[in-house]
Every structure is written in structure tokens, then in C-alpha cells.
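J.: got a structure for you, letters missing:
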């Protein structure tokens, strides 16, 4: 089993509309992937746990896919215009 931490702000994009993104990653990598509930997120530590189960090779592929999606989210956020530190 592999566990990853992801900022709560990006987990919706990992899951996707109607779960389509995470479902595709599961199918493409033949893994079982779960994302912890938002209720489990502490206010001071806004990360959620993504758990990946499968063969070592498949877990690695799923981790890469999720990491790429997280990187994409982060890069889009960094490119977004801000005013006094507040994203528009």
C-alpha cells in the first residue's frame, strides 16, 4: 500500500467530475485508489490522504499519474493573477 498527501484544494481535481479522473487512473493502472474524506482534514493540516493499492509497478504508475495532476494544478495556481496575495 502506498499513501500520498495532497492539499485538500486539489483533491477535487484528482477525483474529477463524477469521479471520472480517479476512475480513469484506477482503470489505467489497475489499482484501488481512495481519497480520505474532507471531514478527516484538520484545519491546521489541510492535506488529505490518497491511498493506492496494487502491484508495485501499478502503484508507481498511479503515483506518477496523480503527481502529474497535482503538479498541473499547482502550476495553474501559480499562473493565476493575484491582487495583494489574493487569487482572482
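T.: Received the coordinates, thanks. Here the structure is a predicted model, which means the values were calculated and not measured.

J.: against residue 80, how distant is the closest residue to residue 15 other than its chain neighbours?
T.: Among residues not flanking residue 15 along the chain, residue 22 sits closest, at 4.9 Å (C-beta to C-beta, 6 or more residues apart in numbering). For every residue, glycine as well, the C-beta is placed using N, CA and C. Going from residue 22 to residue 80 by C-beta to C-beta, to the nearest Å gives 24 Å.

J.: which one of these two is surrounded by more residues?
T.: residue 22 (21 against 8; other C-beta atoms under 10 Å).

J.: quick one: contacts for the residue nearest to residue 54 when sequence neighbours are not counted?
T.: Spatially, and ignoring its direct neighbours in sequence, residue 54 is nearest to residue 31 (3.5 Å; C-beta to C-beta, 6+ apart). With contact set as C-beta atoms under 8 Å, 6 or more residues apart in numbering, residue 31 has these partners: 25, 52, 53, 54, 58, 59, 61, 62.

J.: tell me the pLDDT of residue 31.
T.: At residue 31, the model reports a pLDDT of 97.

J.: and what of residue 16?
T.: In this prediction, residue 16 carries a pLDDT score of 92.

J.: what residues are up against the residue lying closest to it once chain neighbours are set aside?
T.: Among residues not flanking residue 16 along the chain, residue 22 sits closest, at 6.1 Å (C-beta to C-beta, 6+ apart). Shown in contact with residue 22 (C-beta under 8 Å, 6+ apart): 14, 15, 16, 33, 35.

J.: any regions of the chain where pLDDT drops low?
T.: Applying pLDDT under 70 to the chain flags residues 39-44, 81-88.
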